[in-house]
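K.L.:
Fold the following for me, if possible:
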Amino acid sequence: MHIQALGHVVLKVRNLERSVQFYRDILGIKEVARYRGAMVFFSFGSNHHDLALLQLGEQASHPAETDVGLYHVALKVGDTLDELRACKAHLERHGVTILGTSDHNVSQSVYIQDPDGIDIELYVDADPALWKDNPEAVAVVRPLRL
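P.N.:
The predicted structure is shown next:
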C-alpha cells in the first residue's frame, strides 16, 4: 500500500455559519457544497474538496490540551515572505489574533485559531532544496519577524 496524498480534512465545529464565515470570508477558501445543514465543503481549486466542517452544536466541548487528537491544520498561502506579510496584515485587518510567527527553515508561518479554538498554521514554503537532500531540516523552529 502507498498513500499518494492527504485527500481532505474534516473539522468538527460548534456553529457552522460562524465557521463558514471564517474559512470562506476571512481565509478565502471557496465553498463548494453543503450537506443536510450540518456540513460545508471547501476546495482550494484543484480537488473536489480539501476541507469540510461538521457542525456539532454550541454544547460541544473543546478537547483538553492533553487529549489525543488534532494539533493544528497548516494551510499554504504562498512561497514568499511578502505573501506571508500580506496574509498577516489581512488577518489583522479582520480582527484575527496572531498567536505567533515561526521560521521552520523549510517554511515560515503565522499561527492563528479559528472560532472554535482550532489552531491554524498559515505558511509559505522556502526553497525545496533545503529539505530534498536533508529531510531532517523540517525539525527547526526559530523566531520570525514579519
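
K.L.:
And for the longest helix along the chain, what's in contact with it?
P.N.:
Determined from DSSP state H, the single longest helix within the chain is helix 81-93. The contact list for helix 81-93, computed with Cβ atoms under 8 Å, 6 or more residues apart in numbering, reads 26, 77-78, 98, 101, 108-110, 112, 122-124, 146. Bear in mind the C-beta positions are built from the backbone N, C-alpha and C, glycine included.

K.L.:
Which residue ranges of this protein form strands?
P.N.:
For the chain, strands defined by DSSP state E occupy the ranges 9-13, 30-35, 39-43, 51-55, 73-78, 100-103, 107-113, 119-125, 142-143.

K.L.:
Among those strands, which comes closest to residue 94?
P.N.:
strand 107-113 (10.3 Å; Cβ to Cβ).

K.L.:
Sort out which residues of the closest one are buried, please.
P.N.:
107, 108, 109, 110, 111, 112 (16 or more other Cβ atoms under 10 Å).

K.L.:
Would you mind measuring from residue 82 to residue 92?
P.N.:
Counting by Cβ to Cβ, to the nearest Å, the separation of residue 82 from residue 92 is 16 Å.

K.L.:
Could you dump the strands of the chain into TSV with mean pLDDT and distance to residue 88 added?
P.N.:
Formatted as TSV, those follow (pLDDT from 0 to 100; distance: least, Cβ to Cβ, whole Å):
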stretch	mean pLDDT	distance to residue 88
strand 9-13	98	22
strand 30-35	98	22
strand 39-43	98	21
strand 51-55	98	21
strand 73-78	97	10
strand 100-103	98	8
strand 107-113	98	5
strand 119-125	97	8
strand 142-143	96	15
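
K.L.:
how about those in TSV, adding distance to residue 19?
P.N.:
As requested, those are exported to TSV (distance: least, Cβ to Cβ, whole Å):
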stretch	distance to residue 19
strand 9-13	4
strand 30-35	11
strand 39-43	8
strand 51-55	5
strand 73-78	13
strand 100-103	22
strand 107-113	12
strand 119-125	12
strand 142-143	30
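
K.L.:
Perfect, that will be all.
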